[in-house]
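In: turn this into a structure:
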Amino acid sequence: MLFATAAAQGKDRGGKPVPAATRLYEWSDRSRPPRLLYETDKAPSPSFLAYSKTMTTLFVTTESPGEGQVTALLLEGETLVPKGSRTTNGNAAVHAALDQTERWLAVANYRAERVADDAGIALFPVQADRGIGAIAASESPRGSGRDRSRQSSPHTHCVMFSPDNKLLAAVDLGTDGLWLYHFDAATGDLRLAREISLPAGSGPRHCVFHPSKPFVYICGELDSTLMTLRYDSGAGTAELIDLDAATGAAHMGRNYPSGITISPDGHYVMLANRGTDTIAIFWIDPETGMARLRDEVPSGGSFPRAIRLDRTGRMLAVANQKSGNVALFERDFASGRLTAMARGKVELPSAMDVIFLDQ
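Out: Here you go, the predicted structure:
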């Protein structure tokens, strides 16, 4: 098993500085912890990862202050070879997603308000040589929210393509909005379909589409919720049909949901909670699409920023940012229950993201 991680600059347990890096790990001997194969600093301040299985290429976004960037790293044997970078026409690139053909890469810029032509969303072609082409399209959500400290301007935090590849969804924390764009995979054209207003002050962060039904799930970072929406791909519309608390665990202070993922069969959606430091597991009603909390387990660390399932849906990885580690869980396919794996943990100061590469 191969997985890659993104880590910002941090400190190890002894207080020694650890530089930002993208790392490649292998875990075939389960009696031992995962083994570090390779690390590179060619993608500065890595924040989020997207992987093309077709191209065997890892795309890494840069979140550091200043102009955003996305870098292509080619997976060649046990190494990650830099192929090139592109600026993202915005500041703090925090998320990326490949379309269903893996020929287009969308990137979200968290800060895009400083100049008029800043982009909240940038779309790039993935070239035949596995490099990143020049920006093909860009869009800029506009507006603000009621939380003046967090929502004084747009903050696009997530981009995601619909399963039928006809929509690009942009989740914007600053505007309390889900922005839906018609997407043409033949040309890379983006055209605004609708801005969906979400509950005021919810601060939507990330979303996932149901793999086979017209539902999209969005976590509210500021109001600690999980939102369920029914969408119409052709019309480019969506409506909120349900809202649930993101956690059932008792905790002090605020809770900030972060990463979200859905099982390949669409039966369960999982949500990371920063505050309770848990992974909440929601069962999805097959008729209504509504999500109901079924179980909740410790994240294996502190401040879980990102969670990822492997392609089979039988293993979950958690990037715990403040405790500085990645924790691996075995997942029961039927019940959805997560069980921490013995020795399935690696120290990773300022862990930002983790992604499986070989499933």
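
In: report the beta-bridge partners for the residue nearest to Gly90 when sequence neighbours are not counted.
Out: Using C-beta to C-beta, 6 or more residues apart in numbering and skipping the chain neighbours, the partner closest in space to Gly90 is Asn109 (2.7 Å). Heads up, the C-betas are built off the backbone N, CA and C, glycines and all. Asn109 forms beta bridges with Ala93, as assigned by DSSP bridges.

In: how near is Pro27 to Ala340?
Out: Quick fix: residue 27 reads Trp, not Pro. 14 Å (C-beta to C-beta, to the nearest Å).

In: same question for Trp283.
Out: Taking C-beta to C-beta, one finds Trp283 at 21 Å from Ala340.

In: equivalent analysis for Thr278, please.
Out: According to C-beta to C-beta, Thr278 stands 12 Å off from Ala340.

In: compare those two (neighbour count), which wins?
Out: The neighbour comparison of Thr278 against Ala340 (other C-beta atoms under 10 Å) goes to Thr278, with 23 against 16.

In: partner residues bridging that one?
Out: Beta-bridge pairing of Thr278 under DSSP bridges involves Asn273, Pro298.

In: show me the contacts for it.
Out: By C-beta atoms under 8 Å, 6 or more residues apart in numbering, the residues touching Thr278 are 247, 249, 272, 296-299, 304.

In: where does the protein dip in pLDDT?
Out: 112-116, 359 (pLDDT under 70).

In: ok, now with 80
Out: In the predicted model of the chain, residues 64-66, 112-117, 359 satisfy pLDDT under 80.

In: quick check: phi and psi on the closest residue to Ser212 other than its chain neighbours?
Out: Using C-beta to C-beta, 6+ apart and skipping residues adjacent in sequence, the residue nearest Ser212 is Gly266, 5.6 Å away. Main-chain torsions, Gly266, degrees, to the nearest 10: phi 70, psi 20.

In: Thr339 and Val297: what is the separation?
Out: 8 Å.

In: quickly list what's touching both of the two.
Out: Common neighbours of Thr339 and Val297, counting by C-beta under 8 Å, 6+ apart, are Phe329.

In: between these two, point out the one with more neighbours.
Out: Higher neighbour count among Thr339 and Val297: Val297, with 18 against 12, using other C-beta under 10 Å.

In: thanks a lot, catch you later.
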